[in-house]
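Novice: got a sequence here, can you model it:
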Amino acid sequence: MKLLALILFVLAAFSINGFSQEKKDSSELKTVEFASPIKTDGKFDRNPVRKNCFSFITETAACEKVSDIYYGNLRSGNDWDWFQVMGAGSRNKIKKIGRKNWTDDFKIPLVEPYAKLGEGEQRHIVLDASGADGADGKPGMNADGTFNSDSNVFVKEMPQTNSIVSKAKSNYQPFEKAIEGNMYVMRVIDENNDFYVLFRVDELERGTRCRISWKRIQAPQKN
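Specialist: Now for the predicted structure:
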């Protein structure tokens, strides 16, 4: 009888821990609506109060400060809708999970942030619009302005042209195509923060606006 009681207690404790974990990861969804600063005619919106950026740390759209994610800052041929992740130190990283709903069961991948910059180091981005494949085998731009690469952007190290020679971090790809119905996971990291955000593109008006739902989640466990 005592053994049965102990088993029941252990099972009950496991159930409570499982519920607590699920409860923590099932926080209330929040929404953000972005507006592209590049208009459909190609002109840039000079309005200082823009809505193309967001900070998951402060949960505000403070474009005049360093934000964690931007929408609409880049157009590549016929592809108008892009996310760009930055943040203080440019260590934020984004991964596309694919077409998912919040009620679906799917695995959250680990996201290793970009390495911390050392003294004199910078990160540079170059979009290869030549149409030719890069030296590392990544394809360039097609004739119609689209990309074939999985991330849709070919990023390589930018050569230094100024008199002050500084090191550059390569393998830096802060862009991801915004696709309606797709889920994304993002690692937000700076000197004082390190957490995961899961978000989904709920609405997308090409080259104009993007509405996402999001929430913080616990970091996935390493296998």
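Novice: tell me the secondary structure at Tyr184.
Specialist: Using DSSP: H, G, I helix; E, B strand; the rest coil, the structure places Tyr184 in strand.
Novice: please disregard the earlier target; I meant Lys95.
Specialist: Per three-state DSSP, Lys95 ends up strand.
Novice: go on, Gly118?
Specialist: Going by three-state DSSP: Gly118 is coil.
Novice: what is the longest strand belonging to the chain packed up against?
Specialist: Secondary structure of the chain per DSSP state E: the longest strand is strand 194-205. On a contact count with 3 or more Cβ pairs under 8 Å, 6 or more residues apart in numbering; DSSP states H and E, strand 194-205 meets strand 182-189, strand 209-217. (C-beta placed from N, C-alpha, C; glycine too.)
Novice: buried set for that strand?
Specialist: Residues of strand 194-205 classed as buried by neighbour count (16 or more other Cβ atoms under 10 Å): 196-202, 204.
Novice: for the record, mean pLDDT for that strand?
Specialist: Per-residue pLDDT over strand 194-205 has a mean of 97.
Novice: following the helix or strand of the chain with the lowest mean pLDDT, which helix or strand comes up?
Specialist: Across the helices and strands of the chain, mean pLDDT, DSSP states H and E gives its lowest value to helix 2-25, namely a mean of 34. Next helix or strand after helix 2-25 toward the C-terminus (DSSP states H and E): strand 30-35.
Novice: put the alpha carbons of that following strand into PDB.
Specialist: Below are the C-alpha coordinates for strand 30-35, written out as PDB (Å, rounded to 0.1, in the frame of the first residue of the first chain):
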ATOM      1  CA  LYS A  30       0.900  39.400 -28.300                       C
ATOM      2  CA  THR A  31       0.600  41.100 -31.700                       C
ATOM      3  CA  VAL A  32       2.700  43.600 -33.600                       C
ATOM      4  CA  GLU A  33       1.900  45.200 -36.900                       C
ATOM      5  CA  PHE A  34       4.800  46.500 -39.000                       C
ATOM      6  CA  ALA A  35       4.500  49.000 -41.800                       C
END
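Novice: who are the packing partners of it?
Specialist: Using 3+ Cβ pairs under 8 Å, 6+ apart: strand 30-35 touches strand 53-54, strand 209-217.
Novice: which residues are contacting the shortest one?
Specialist: Okay, so that is strand 53-54. With Cβ atoms under 8 Å, 6 or more residues apart in numbering as the contact definition, strand 53-54 has outside contacts at 32, 34, 60-63, 67-71.
Novice: rewinding a little: out of the helices and strands packed on strand 194-205, which is closest to Gly98?
Specialist: Counting by Cβ to Cβ, Gly98 lies closest to strand 182-189 out of those; the figure is 6.2 Å.
Novice: how about residues contacting that closest one?
Specialist: 56-57, 68-69, 83, 85, 87, 89, 91-100, 106, 108-109, 111-113, 176, 194-201, 217.
Novice: kindly report the same for stretch 36-46.
Specialist: 50, 52, 71-73, 75, 80-81, 207-210.
Novice: can you rerun that using 7 Å?
Specialist: Contact partners of stretch 36-46, identified using Cβ atoms under 7 Å, 6 or more residues apart in numbering, comprise 50, 52, 71-73, 75, 207-209.
Novice: want to throw those residues into a markdown table with distance to Gly42 and neighbour count?
Specialist: Listed next are the contacts of stretch 36-46 as a markdown table, based on distance: Cβ to Cβ, whole Å; neighbours: other Cβ atoms under 10 Å:
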| residue | distance to Gly42 | neighbour count |
| --- | --- | --- |
| Arg50 | 16 | 18 |
| Asn52 | 15 | 21 |
| Tyr71 | 17 | 25 |
| Gly72 | 12 | 26 |
| Asn73 | 14 | 16 |
| Arg75 | 8 | 15 |
| Gly207 | 10 | 18 |
| Thr208 | 13 | 15 |
| Arg209 | 17 | 17 |
